[in-house]
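Peer 1: Mind looking at a prediction? Sequence and model below.
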Amino acid sequence: MNHPPDDEIQFAPEAPAPDASGRIEPWKVLVVDDEEQVHAVTKLVLGDFTFEGRGLEFLGAFSGAEGAERLRENPDVAVVLLDVVMENEHAGLDLVKKIRKDLGNRSVRIVLRTGQPGQAPEKQAFVGYDINDYRTKSELTSDKLFTAMMGALRNFEDINRIEFLYRQVQASQLATVVALADLAEYKDQHTGEHVLRIKARTDAIARRLVADGGPYADQLDGPFLALVGQASILHDVGKVGIPDRILRKPAKLDPDEWEIMKTHTTLGQNLLEKLAGMVHGPSFMSLGARIAGSHHEKWDGTGYPRGLAGTRIPLEARIVAVADVFDALRSDRPYKEEWGEELTITELQAGSGTHFDPIVLDAFLAVLRDEGDPQP
């Protein structure tokens, strides 16, 4: 039975464990302000602050650029107390964009603090920037600073809990996908870790296509990249409907047997489409259905089951086709010995523009050249 790689099912604990001395790590708070006095007053006012038994650890930065560097070094910062006007009149707002977009940090809570409200009016700041609170420095009394910090940390903790649950759901989905694939592998005893290798190579090809910025870039959005590897695991799930006498035959199939074998594509697609219909919106099941049904189509239209050609074949299926054939050639089977990588690459190149989408194949060959063969 296959199992997801350990690095794909890692959960962050809901609360930090005490260290050897029994001390629980404090919440990290980053103060970004060009006034030394603001740093000092903030530490003084919040020096005894605790939330859920944890105190505060203060980090300091005196410019937007320095604040970004502190966050790169400390991605576990819980709250940023951020001034607007520092090295320029919008340095704080620029940092908000950098935190959310460039650093990809959606968890940290950002409290915008300004002594010049006219530079960033409250309504415009909330509408135009992903901040969580807005305070003028004149209103930040001891009590209001306390409540602002309490609200920010409660929000941060809620975000972490949601993220924890989301990762659990993702792991459960992956476990479900692997279990479905194992149904096929249980019958097709010669595939071994085949599906997890397909996943690793599928993910690598998709990432390379994004990096190359070619004609498929508009199709390679976040949801596609997040789901395509998991979906590829299900490419042969239709083999559960193929008789063992055909699936396990240690010799070449006769024409009638081959026609039955080819039906694993439509069997898999029909099964996954039924499952996908139980889930609202795109899912790894809907993506997997298209892969299962089309990963044996060929670029020149001579594949099966429908004889699709070119870009009429779903992109996800064109990616898996390359990964699948590479794995088949590189693996021992009852009817063939494992091929070496050089011979396998030569065979793939011979199929460029006939069997395989040339752009997808080139992306995979670039991965092999620059990174080596991706492994689970």
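Peer 2: On my side now, so go ahead.
Peer 1: make it CA atoms for all contacts and neighbour counts henceforth
Peer 2: OK.
Peer 1: Break this protein into its domains for me.
Peer 2: 11-162, 188-371 (automatic domain parsing).
Peer 1: and these, which is most packed in?
Peer 2: Mean neighbour count (mean count of other CA atoms under 10 Å) peaks for domain 188-371 among these, with a mean of 19.
Peer 1: Contact partners for Ile246?
Peer 2: By CA atoms under 8 Å, 6 or more residues apart in numbering, Ile246 lies in contact with 253, 257, 261.
Peer 1: Same check on Glu337?
Peer 2: Neighbours of Glu337 in contact, by CA under 8 Å, 6+ apart: Ser331.
Peer 1: Could you shift the numbering so residue one becomes 10, and keep it that way?
Peer 2: Got it, the first residue is 10 from now on, which makes the last one we talked about Glu346.
Peer 1: any idea of the pLDDT on it?
Peer 2: With respect to pLDDT, Glu346 scores 81.
Peer 1: distance of it from Ile171?
Peer 2: 48 Å (CA to CA, to the nearest Å).
Peer 1: Strands along this structure, start to end?
Peer 2: 36-41, 65-70, 88-92, 118-123, 142-145 (DSSP state E).
Peer 1: out of these, nearest to Ser241?
Peer 2: strand 118-123 (36.3 Å; CA to CA).
Peer 1: how far off strand 88-92 does the closest one point, in degrees?
Peer 2: Angle, strand 118-123 to strand 88-92, by axes from the mean of the first three to the mean of the last three CA atoms, to 10 degrees: 20 degrees.
Peer 1: Dump strand 118-123 to CSV, restricted to CA.
Peer 2: The C-alpha coordinates for strand 118-123 follow below in CSV (Å, rounded to 0.1, in the frame of the first residue of the first chain):
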residue,chain,number,x,y,z
ARG,A,118,-1.9,40.6,12.1
ILE,A,119,-1.1,44.1,11.0
VAL,A,120,-2.1,47.1,13.2
LEU,A,121,-1.5,50.3,11.3
ARG,A,122,-0.5,53.2,13.5
THR,A,123,-0.1,56.7,12.2
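Peer 1: Which neighbours in the sheet does it have, and how are they oriented?
Peer 2: Next to strand 118-123 in the sheet, as set by DSSP bridges, lie strand 88-92 (parallel), strand 142-145 (parallel).
Peer 1: what's in contact with it?
Peer 2: With CA under 8 Å, 6+ apart, strand 118-123 has contacts from 87-94, 101, 105, 140-146, 157, 161-162, 164-165.
Peer 1: contacting residues around Ala372?
Peer 2: Neighbouring residues of Ala372 by CA under 8 Å, 6+ apart: 214, 217-218, 221.
Peer 1: For Ala100, see how far away the residue nearest the centre of the chain is.
Peer 2: Taking CA atoms, centre = their mean as the criterion, Ala235 is the residue nearest the geometric centre of the chain, at 4.3 Å. Applying CA to CA, the value for Ala235 to Ala100 is 33 Å.
Peer 1: can you give me the helices in the chain?
Peer 2: With DSSP state H as the criterion, the chain has helices at 45-54, 73-82, 100-106, 131-137, 151-196, 203-221, 231-241, 253-256, 264-271, 273-285, 293-303, 324-338, 350-359, 367-380.
Peer 1: so what's Ser151 scoring on pLDDT?
Peer 2: pLDDT, read off for Ser151, is 86.
Peer 1: Isn't it up against Gly56?
Peer 2: No. If you go by CA atoms under 8 Å, Ser151 and Gly56 don't touch, sitting 11.1 Å apart.
Peer 1: okay, and the common contacts of those two?
Peer 2: If you check Ser151 and Gly56 against CA under 8 Å, 6+ apart, no residue is contacted by both.
Peer 1: Spatially nearest residue to His304, not counting backbone neighbours?
Peer 2: The shortest distance from His304 to any non-neighbouring residue, by CA to CA, 6 or more residues apart in numbering, is to Ala326 (4.6 Å).
Peer 1: swap in Lys307?
Peer 2: His364 (4.5 Å).
Peer 1: Who are the contact partners of that neighbour?
Peer 2: Residues near His364 by CA under 8 Å, 6+ apart: 306-309, 312.
Peer 1: Repeat the analysis, applying 10 Å as the threshold.
Peer 2: Applying CA atoms under 10 Å, 6 or more residues apart in numbering to His364 gives the contacts 305-312, 318-319, 327, 330-331, 357-358, 370.
Peer 1: show me where pLDDT drops low in the stretch 110-259 of the chain?
Peer 2: Flagging of the stretch 110-259 of the chain using pLDDT under 70 yields the residue ranges 126-132, 134, 149, 175, 178-201.
Peer 1: ok, 50 please
Peer 2: Residue ranges of the stretch 110-259 of the chain with pLDDT under 50: 199, 201.
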